[in-house]
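# I need the structure of the sequence given here:
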Amino acid sequence: MQDPALIEFVLFCKSKLGYKHRAIIKISDDHEQAKQYKSMGAFFPDGNEIWILRGKRVRADWYRSLAHELVHHMQRDRGDQLDGETGSDCENEANGQAGAILREWGADHPEIFE
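Numbers count the residues shown, from 1 in each chain. Modelled structure (predicted):
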């Protein structure tokens, strides 16, 4: 993860979410892997690892996925039971917080929508 803009975004997420432990973030362009996971992002709590599909997506889209998975990282960090089912409290919190983070970040960084 050597992209300065990405590092700045991850630090922003950390300041908003307050997690203590560092996540291992892997950014991928492998659409086949997304098909395998049936997702654009994933959090693997056992390895403290986040996988995000960048691919052909605009930066705002994959940043939102990253923020979503960082919320799951924060949930695990605070001891929550992770439940990835659609509509679960865990998923609803991740969706809501990721959206709020992206709105705030995007207001100051409109280039992510290009």
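
# What are the boundaries of the strands in the chain?
With DSSP state E as the definition, the chain shows strands at residue ranges 24-28, 41-44, 49-53.

# List the buried residues in the shortest one.
Under the neighbour-count criterion of 16 or more other CB atoms under 10 Å, strand 41-44 has 41, 42, 43 buried. Using the backbone N, CA and C atoms, a C-beta is placed for each residue, glycine as well.

# what does the last one give?
Applying a neighbour-count criterion of 16+ other CB under 10 Å, the buried positions in strand 49-53 are 50, 51, 52, 53.

# Show the average pLDDT along that strand.
Strand 49-53 shows a mean pLDDT of 97.

# With only the CA atoms kept, save that strand in CSV.
In CSV, the C-alpha atoms belonging to strand 49-53 read as follows (Å, rounded to 0.1, in the frame of the first residue of the first chain):
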residue,chain,number,x,y,z
GLU,A,49,-6.8,-9.0,6.6
ILE,A,50,-9.0,-6.9,4.3
TRP,A,51,-9.2,-7.6,0.5
ILE,A,52,-10.6,-4.9,-1.8
LEU,A,53,-11.3,-5.1,-5.5
